[in-house]
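Peer 1: kindly generate the corresponding structure for this input.
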Amino acid sequence: MCLGIPGQITAITDEAREMAMAEVSGVQREVSLAPVADRPLGELVGQWTLIHVGFAMAIIDEDEAARTLEALRDLGEAQETLDAMAEGQKALEGTQ
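Peer 2: I've put the predicted structure just below:
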């Protein structure tokens, strides 16, 4: 399964290599714009993209980015709840 995480392009770092800086949930990381470089790279600054393993795979709008980030947060919270339930079950099994 592939998981794209929304990130906003903040700067072009190497135009010749089609590389840019993106902010992903407050963390800056360098990504390749090659998959979405169908226009001048400068036009991509400020755009939201789905980032997967260091590549900007698709341009998305701000609303889609917000919905995706919220879903990812919810998944993280759900996983924390499942982990806590599993730990509780282990504790119960240990007392029987």
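
Peer 1: where do the helices sit along this structure?
Peer 2: 62-94 (DSSP state H).

Peer 1: now for E62: which residues touch it?
Peer 2: With contacts defined as C-beta atoms under 8 Å, 6 or more residues apart in numbering, the neighbours of E62 are W48. From N, CA and C alone the C-beta is placed, and that goes for glycine too.

Peer 1: let me know the pLDDT of it.
Peer 2: Per-residue confidence (pLDDT) for E62: 95.

Peer 1: can you tell me how far it is from E43?
Peer 2: Computed as C-beta to C-beta, to the nearest Å, the E62 to E43 distance reads 16 Å.

Peer 1: how much space between the closest residue to L72 other than its chain neighbours and G42?
Peer 2: Using C-beta to C-beta, 6 or more residues apart in numbering and skipping residues adjacent in sequence, the residue nearest L72 is I5, 6.9 Å away. When C-beta to C-beta is the yardstick, I5 and G42 sit 23 Å from each other.

Peer 1: more neighbours: the two, which one.
Peer 2: A side-by-side neighbour count of I5 and G42, using other C-beta atoms under 10 Å, places I5 first with 15 against 11.

Peer 1: low-scoring pLDDT stretches of the protein, where are they?
Peer 2: For the chain, the stretches with pLDDT under 70 are 1-2, 78, 82, 85, 95-96.

Peer 1: could you point out the longest strand in it?
Peer 2: Counting by DSSP state E, the longest strand found in the chain is strand 5-14.

Peer 1: packing partners of it?
Peer 2: Applying 3 or more C-beta pairs under 8 Å, 6 or more residues apart in numbering; DSSP states H and E, one finds that strand 5-14 makes contact with strand 19-24, strand 27-32, strand 48-52, strand 55-60, helix 62-94.

Peer 1: that strand vs strand 55-60, what angle?
Peer 2: Angle between the axes of strand 5-14 and strand 55-60 is 110 degrees (criterion: axes from the mean of the first three to the mean of the last three C-alpha atoms, to 10 degrees).
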